[in-house]
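Student: Sequence first, predicted coordinates after that:
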Amino acid sequence: MKFTIIANDSKSSARAGTIQTDHGAIETPIFMPVGTAGTVKAVHIRDLKEDSKAQIILGNTYHLYLRPGLDVLRAAGGLHKFNGWDKPILTDSGGYQVYSLSAQRKLKEEGAHFRSHIDGSKHLFTPESVMEIQRTIGADIVMAFDECTPYPCEYDYAANSLELTHRWLDRCISHFGATEPKYGYNQALFPIVQGSTFINLRKKSAEFIASKNAEGNAIGGLSVGEPHEMMYQMTELVCGILPKDKPRYLMGVGTPVNILEGIASGIDMFDCVMPTRNGRNGMLFTSEGTLNMKNEKWKDDFSPIDINGNSFVDSQYSKAYLRHLFISGEYLAPMIASLHNLAFYLWLVNTARQKIADGSFSAWKDVMVKKLETKL
């Protein structure tokens, strides 16, 4: 994997670059649609490519391990061939599920013991097994196994968790380095900075991760309930420590405003379920603010969903038609809304990239943040 920076913003830490993988190039800053179980909910692979202009999608190690299972993925030749996506894929290691399924797991030095949320069966994830699982899934970028701490979190718990994450990282690196990709193309391992919202722990973790000289680095344990300003503070701190010549990935973030602020701090990669999850519930993101498509105010509004036509560029459905679909319970409603939101997110990061290149990012961001916080 190769990362090249092509432009820097003079008034912030924002930068535009390109990540080259064996499945193609990724232009940064980039938003990555979340395909937890090998599919982005309610969105066809064709539409991801053609309408949303997605360049990379996510899969989840925990969910893919349970279903369809490693035997199926191995027989298919990896996730790319299984789901038909021929561009880059990133897999989350399952560390977030260590956090979100806390009632169904036990953490030990060896790894995480958990029960399947599907059938209650018992399983063990270790740093070594998680590397093997991600080798079998075949993602271009794989994540180290970590513990994502909750918020709020006691200092001692966060400190002990951080040390465990670091020990697990060393085991991940060792096993990853001792094994080969299974399908003839290269894979890159990204460590994850943890430390909750404690400045000294975040600094310690960022320095430890930076010392590993990985091909890219991630920031985890944020966007789990802490105030946005605290997330921005931690992000800026960590970006100031992580290597400038490696891509930085802020995991699970976030709203369009979160993404613009993250870009300003030096983040290159983002993912979040928000555009599809909110879309399925009738909330749309546009260049002028958010819309609740179930509101009666849109009943006879025949204007396009996005005022400027920036996001859903292929087919501009009217607000009235989309509201009708939601009120009628038609399956097409969440499909249109999810694709629209993904297209908007990809438009947002692509426009940010253009603004960084032409030197107008900071001024543009300040205008956009005000618009994006508006409820239409």
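Tutor: Okay, I see it.
Student: quick one: low-confidence parts of the stretch 51-200 of the chain?
Tutor: 98-100, 102 (pLDDT under 70).
Student: now the strands for it?
Tutor: Along the stretch 51-200 of the chain, the stretches classed as strands by DSSP state E, counting those that start in this stretch are 57-60, 89-92, 105-108, 111-115, 122-125, 141-143, 188-190, 192-193.
Student: which one's the longest helix in the protein?
Tutor: helix 332-358 (DSSP state H).
Student: what about Ser211, how many residues close to it?
Tutor: By other CB atoms under 10 Å, the residues close to Ser211 number 10. Any C-beta I mention is one placed from the backbone N, CA and C, and that applies to glycine too.
Student: Now Asp271: phi and psi?
Tutor: Main-chain torsions, Asp271, degrees, to the nearest 10: phi -150, psi 150.
Student: if I read this right, it contacts Met32, doesn't it?
Tutor: Yes: the criterion here is CB atoms under 8 Å, and Asp271 meets it with Met32 at 4.2 Å.
Student: shared neighbours, those two?
Tutor: Leu58, Leu90 (CB atoms under 8 Å, 6 or more residues apart in numbering).
Student: what residue lies at the spatial centre of the chain?
Tutor: Asp271 (1.9 Å; CA atoms, centre = their mean).
Student: Output the below-cut-off pLDDT ranges for the stretch 251-376 of the chain.
Tutor: Applying pLDDT under 70 to the stretch 251-376 of the chain flags residues 307-315.
Student: residue ranges of the helices in it, please?
Tutor: Remark: helices assigned in the stretch 251-376 of the chain by DSSP state H, counting those that start in this stretch are 256-265, 274-280, 319-328, 332-358, 361-372.
Student: If you count neighbours, what's buried in the fourth one?
Tutor: Just to be clear, that refers to helix 332-358. Neighbour counts over helix 332-358 (16 or more other CB atoms under 10 Å) mark 333-350, 352-353, 355-356 as buried.
Student: next one: the second one
Tutor: Neighbour counts over helix 274-280 (16+ other CB under 10 Å) mark Met274, Pro275, Thr276, Asn278, Gly279, Arg280 as buried.
Student: correct me, but the first one touches Gly254?
Tutor: What it means is Met274. Yes: at 6.8 Å, Met274 and Gly254 qualify as touching, with contact defined as CB under 8 Å.
Student: Which residue, other than its chain neighbours, is closest to Phe82?
Tutor: Spatial nearest neighbour of Phe82, excluding adjacent residues (CB to CB, 6 or more residues apart in numbering): Ala76 at 3.9 Å.
Student: ok now do Leu325, which residues does it touch?
Tutor: Leu332, Ala333, Ile336 are the contacts of Leu325 under CB under 8 Å, 6+ apart.
Student: I'd say the second one and Leu339 touch.
Tutor: No: under the criterion of CB under 8 Å, Ala333 lies out of contact with Leu339, with a separation of 11.2 Å.
Student: Common neighbours of those two, please.
Tutor: Contacts common to Ala333 and Leu339, judged by CB under 8 Å, 6+ apart, are absent.
Student: Any chance of CSV for the contacts of Leu325, columns distance to His117?
Tutor: Below are the contacts of Leu325 laid out as CSV (distance: CB to CB, whole Å):
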residue, distance to His117
Leu332, 29
Ala333, 27
Ile336, 29
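Student: Going by distance to Gly17, which of the residues you listed wins?
Tutor: Ile336 (32.1 Å; CB to CB).
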